[in-house]
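Engineer: have a look at this fold, sequence not included:
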DNA sequence: ACGCGCGACGTCAGCCGCTGTCATCACCTA
DNA sequence: TAGGTGATGACAGCGGCTGACGTCGCGCGT
């Protein structure tokens, strides 16, 4: 007889997603989530720094995946090539099997401003980490920040499309299309006020 | 003898910024802010939906300023021209006189993750509004979202530079430079993996 | 001049997110 | 067998935030 079951964080995350989806985020108490897996509220907050974090835990993996794409890229790569490499590397965390799970999670997030806020924050952290890495490779400001933020934007647009109803393409394919669109967009003549 | 002084929201905002700057955001209680201007905590939350909002109230003005630049732009303008117009229009809210105030405000925000989260959220709301306006002008996806997010990114980078120590240029000048940098960045050859 | 609704505010009670502190109890190690 | 370790429970408490209700000056209509 073990005193406590392993995988506590994972069980809390699964229970939280289920309760949020059925009863709503604000209507679900941290104590309820904990009790639904036989734990107390205090233990919930030992695993997650705050109530929202139970839906976002593990995002460091996303950052690592993006950065992994950068270290593999050749030294003479342009910033946009580095962005493409990071995107492709990060896409590995989103195989087609996870699409339905991502969809459910996103419906919960879309229904609560506080969760959208946290999601944006995580994307911002990702962009900041990418920016640091780009600066570490000698790319100067403001190009490094612009490239990093663009990567986050492209990923966000691609992810949204990836979980759209009926979408069949992989997230990597979508990313390439969005990146091409961004290139075309900025290539057009800019502000020529007469 | 009037029952209450006018300009309640403004006095609360000023008092909050002062207290946050001297004592820290988390160490400052909503009740303290209210009492420092002769009001109660309950009244504070009638003016601001939450404690953080006291620092961000009025951001709808920023959205309006950006959108105003769009409606004045010629019909045949490209997305990037529209972005430039919106940026230029929004820059009017940041005259040089406000630079020091912006600096103080930013130091407070930088010292608290919860405030950074809210700031990112506001930028996201701005981007969403811009995206809607661009789609309303017939720009299709994903170009509209990419252009809108790029505008927000450029503004963010420019604003950061604008409040940097020793910076003398106007925010409008900085915006133009950052926008040009973005164009050069994406114009370079993208992912050509061999 | 009188009455009356409106709107900003105060008071009170209460939920919930979140934290510090201390005790508990299996497991592991010497 | 004694002691250390680590995840958990129990409890108290603060502060953010809300609903309900009462107060009171002001402007409106008649």
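Structural biologist: Happy to help now that I have it. Quantities reported herein were computed from a predicted structural model and do not represent experimental measurements. Numbering: from 1, shown residues only, chains lettered A, B, ... in the order given.
Engineer: is stretch A:24-43 in proximity to chain B?
Structural biologist: No: judged by C-beta under 8 Å from any C-beta of the partner chain, stretch A:24-43 stays clear of chain B, getting no closer than 13.1 Å. To be clear about C-beta, it is placed using only N, CA and C from the backbone, and glycine gets the same treatment.
Engineer: end-to-end on that stretch?
Structural biologist: 22 Å (C-alpha to C-alpha, to the nearest Å).
Engineer: for that stretch, the distance to its chain's centre please.
Structural biologist: When distances are taken as C-alpha atoms, centre = their mean, to the nearest Å, stretch A:24-43 is centred 24 Å away from the chain's centroid.
Engineer: contact partners of that stretch?
Structural biologist: Residues from elsewhere that reach stretch A:24-43 (C-beta atoms under 8 Å, 6 or more residues apart in numbering or on different chains): A:8, A:11-12, A:15-16, A:19-20, A:44-45, A:51, A:54, A:108, A:111-112, A:114-115.
Engineer: how about stretch A:110-122, does it reach DNA strand C?
Structural biologist: No: judged by C-beta under 7 Å from any atom of the strand, stretch A:110-122 stays clear of DNA strand C, getting no closer than 9.1 Å.
Engineer: report whether that stretch contacts DNA strand D.
Structural biologist: No: using C-beta under 7 Å from any atom of the strand, stretch A:110-122 stays clear of DNA strand D, coming no nearer than 9.0 Å.
Engineer: so where is chain A shaky, pLDDT-wise?
Structural biologist: Scanning chain A for pLDDT under 70 picks out A:1-6, A:188-194.
Engineer: quick one: which of the contacts of stretch A:24-43 has the most company?
Structural biologist: If you count neighbours using other C-beta atoms under 10 Å in any protein chain shown, the busiest of the contacts of stretch A:24-43 is residue A:16, which has 27 neighbours.
Engineer: secondary structure element for that one?
Structural biologist: For residue A:16, the enclosing helix or strand under DSSP states H and E is helix A:8-23.
Engineer: same for that helix, what does it pack against?
Structural biologist: For helix A:8-23, the elements it packs on are helix A:30-36, helix A:41-47, helix A:99-110, judged by 3 or more C-beta pairs under 8 Å, 6 or more residues apart in numbering or on different chains; DSSP states H and E.
Engineer: the longest one vs helix A:8-23, what angle?
Structural biologist: Meaning helix A:99-110. Here the directions of helix A:99-110 and helix A:8-23 differ by 60 degrees (axes from the mean of the first three to the mean of the last three C-alpha atoms, to 10 degrees).
Engineer: in which helix or strand does residue A:86 reside?
Structural biologist: Here residue A:86 is assigned to helix A:79-90, by DSSP H and E.
Engineer: what comes into contact with that helix?
Structural biologist: Residues outside helix A:79-90 that contact it (C-beta under 8 Å, 6+ apart): A:62, A:65-70, A:72-73, A:77, A:130, A:134, A:137, A:139, A:143-144, A:147-148, A:150-151, A:154-155, A:158, A:172, A:175-176, A:179, A:183, B:185-186, B:188-193.
Engineer: perfect, that will be all.
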